[in-house]
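J.: Structure of the sequence below:
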Amino acid sequence: MAEVAPLISIVVPVHNVEPYVAKCVRSLQAQTYGHFEAIMVDDGSTDGSYEACRAAIGGDTRFRLFRNPVCQGVAAARNVGLEQAGGSLLGFVDPDDWIEPDMYAVLYAAHAASGADIVQCGYFNHLLDGRVLENGVEKGVCFDTHAALELLFADKAIQTFLWNKLYRKSLFDGVRFPQGRTFEDMLALPSVFERAGRVCIVEGCKYHYVERYKGIVSQAFNENRWADYLYALNAKRAKAEALGVWKDSERFVVNMYLRFLDRCLVSPSLSGRVAGLRAYLKENVKGGRLWRQSPYLAFRRSLCLHCPETYRMFTLFLHGLKRKRKGGGNGRREADGTS
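T.: Numbers count the residues shown, from 1 in each chain. Below is the predicted model of the structure:
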């Protein structure tokens, strides 16, 4: 008697994505791994997203559609999905993205062959300027818990994305996404990976991620969620220290704080946030360790704290040069990195 393939529960939070969600649904319906359930949670959409979901789903009984009458945030929507998930395996897809037809078949095959608790595939990054970048590995590789955590916190081969992975659902027992916060994946995934005994990455790109903003800094400022991102970053740093991983966290955190600070300095409406950012850099960063990790960032931090007016003038000067260079270029926009 043939063994029945396990059920994969795929959670899709939905909010104001009417133009995109039908394509996402069609990509799920086209999966060659047929034993799945898609749990779609409309989080108080004010456009036609809910109706678009219903129309795209049609009579497909593998889909279940829930609706929060009032927007509670993507974390709340994902938590509803977790509570409703009946499978032993778990996946996440964002409603404005789509996936290759064999994505879950490939991830499940790697899970079954390796016994991994988490399996990750590569992804296509659809940039704002129309370019499509491939982010994946040429050869499959597996890691133990410590090595996987190192990669996750360093945001290297394993990134804090929910959506390009297949998980044992039991990893999420007692883990929920923090409601009222954005960048919730940064807060939840470390606890999930901490429980994983084995994590594998398969070769090839199977997920299509569509970039809606230039980068994480721009996203945080565009949505006025800069405090949420910095909260998540600080929580990530504290978790890493508790686990004994991500030894160069000081460098990364200072780099991000300085990027936010620079954005505030060149935007008069954000000037009120400068003092809080400078206070963090003064109180929570060990200057000596930073000098060893990155003399450049250590110098910038020192200049910012001890010669704030010089730092401000220098930042405005560089911002002016950048704007002038862009004005004289070919008009293409480049993706904004995070390091």
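J.: which ones are touching residue 100?
T.: When contacts are counted by Cβ atoms under 8 Å, 6 or more residues apart in numbering, residue 100 touches 27, 205, 206, 207, 208. From N, CA and C alone the C-beta is placed, and that goes for glycine too.
J.: okay, and for the stretch 151-300 of the chain, where does confidence drop off?
T.: 213-224 (pLDDT under 70).
J.: Quick check: what element follows the helix or strand that contains residue 250 along the chain?
T.: For residue 250, the element it lies in under DSSP states H and E is helix 249-265. Using DSSP H and E, the helix or strand that follows helix 249-265 in sequence is helix 274-283.
J.: and for that following helix, what are the contacting residues?
T.: Helix 274-283 has contacts (Cβ under 8 Å, 6+ apart) with 230, 254, 257, 258, 260, 261, 264, 265, 301, 304, 305, 308.
J.: Can you point out the buried residues in that helix?
T.: For helix 274-283, the neighbour count (16 or more other Cβ atoms under 10 Å) marks 274, 277, 278, 280, 281 as buried.
J.: And the average pLDDT for the longest helix seen in the chain is what?
T.: The residue-count maximum for a helix in the chain (DSSP state H) belongs to helix 308-327. Averaged across helix 308-327, pLDDT comes to 90.
J.: Pull the contacting residues for the residue nearest to the spatial centre of the chain.
T.: Central residue of the chain (Cα atoms, centre = their mean): residue 161, 3.9 Å from the mean position. Taking Cβ under 8 Å, 6+ apart, we find residue 161 in contact with 123, 185, 209.
J.: For it, what are phi and psi?
T.: phi -110, psi 140 (degrees, to the nearest 10).
J.: Stretch 105-125: end-to-end distance?
T.: One end of stretch 105-125 to the other measures 21 Å (Cα to Cα, to the nearest Å).
J.: Would it be right to say that residue 6 lies in a strand?
T.: No. Read with DSSP: H, G, I helix; E, B strand; the rest coil, residue 6 is coil and lies in no strand.
J.: related to what we said a few turns ago, redo the contacts of residue 161 as JSON lines? Include neighbour count and secondary structure.
T.: Output for the contacts of residue 161, formatted as JSON lines (neighbours: other Cβ atoms under 10 Å; DSSP: H, G, I helix; E, B strand; the rest coil):
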{"residue": "123", "neighbour count": "23", "secondary structure": "strand"}
{"residue": "185", "neighbour count": "20", "secondary structure": "helix"}
{"residue": "209", "neighbour count": "21", "secondary structure": "strand"}
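J.: Which one of the residues you listed is nearest to residue 93?
T.: residue 209 (10.3 Å; Cβ to Cβ).
J.: residues near the nearest residue to residue 20 once chain neighbours are set aside, how many?
T.: Counting by Cβ to Cβ, 6 or more residues apart in numbering, the nearest residue to residue 20 once its immediate chain neighbours are dropped is residue 96, at 4.0 Å. For residue 96, the neighbour count with other Cβ atoms under 10 Å is 19.
J.: got it, and residue 104?
T.: Residues near residue 104, counting by other Cβ under 10 Å: 27.
J.: gap between it and residue 95?
T.: To residue 95, residue 104 is 17 Å away according to Cβ to Cβ, to the nearest Å.
J.: So what's the model's average confidence on stretch 89-101?
T.: 98.
J.: next one: it to chain centre, how far?
T.: 13 Å (Cα atoms, centre = their mean, to the nearest Å).
J.: Could you do stretch 295-315 as well?
T.: 30 Å.
J.: begin at 177 from here
T.: Right, with 177 as the first residue, what we last looked at is stretch 471-491.
J.: So which bits of it are buried?
T.: For stretch 471-491, by 16+ other Cβ under 10 Å, it's 473, 474, 476, 477, 480, 487, 488, 490, 491.
J.: which outside residues touch that stretch?
T.: Here stretch 471-491 has contacts from 427, 430-431, 434, 437-438, 441-442, 454, 457-458, 461, 463, 466-467, using Cβ under 8 Å, 6+ apart.
J.: Quick check on those: which are buried?
T.: Using 16+ other Cβ under 10 Å, the buried ones in the contacts of stretch 471-491 are 427, 430, 431, 434, 437, 438, 441, 442, 454, 457, 461, 466.
J.: now the contacts of residue 337 as a markdown table including distance to residue 276?
T.: Output for the contacts of residue 337, formatted as a markdown table (distance: Cβ to Cβ, whole Å):
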| residue | distance to residue 276 |
| --- | --- |
| 299 | 10 |
| 361 | 21 |
| 385 | 12 |
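J.: Domain ranges for this protein, per the record?
T.: 184-386, 424-503 (automatic domain parsing).
J.: These: which one's closest to residue 411?
T.: domain 184-386 (5.7 Å).
J.: quick one: terminal-to-terminal distance for that closest one?
T.: Domain 184-386 end-to-end distance (Cα to Cα) = 24 Å.
J.: Centre of the chain to it, how far?
T.: Its chain's C-alpha centre and that of domain 184-386 lie 11 Å apart, by Cα atoms, centre = their mean.
J.: tell me the contacts of residue 352?
T.: 251, 255, 258, 364.
J.: ok, 7 Å please
T.: 255, 258 (Cβ atoms under 7 Å, 6 or more residues apart in numbering).
J.: again, but for residue 381
T.: 297, 298, 299, 300, 310, 311, 312.
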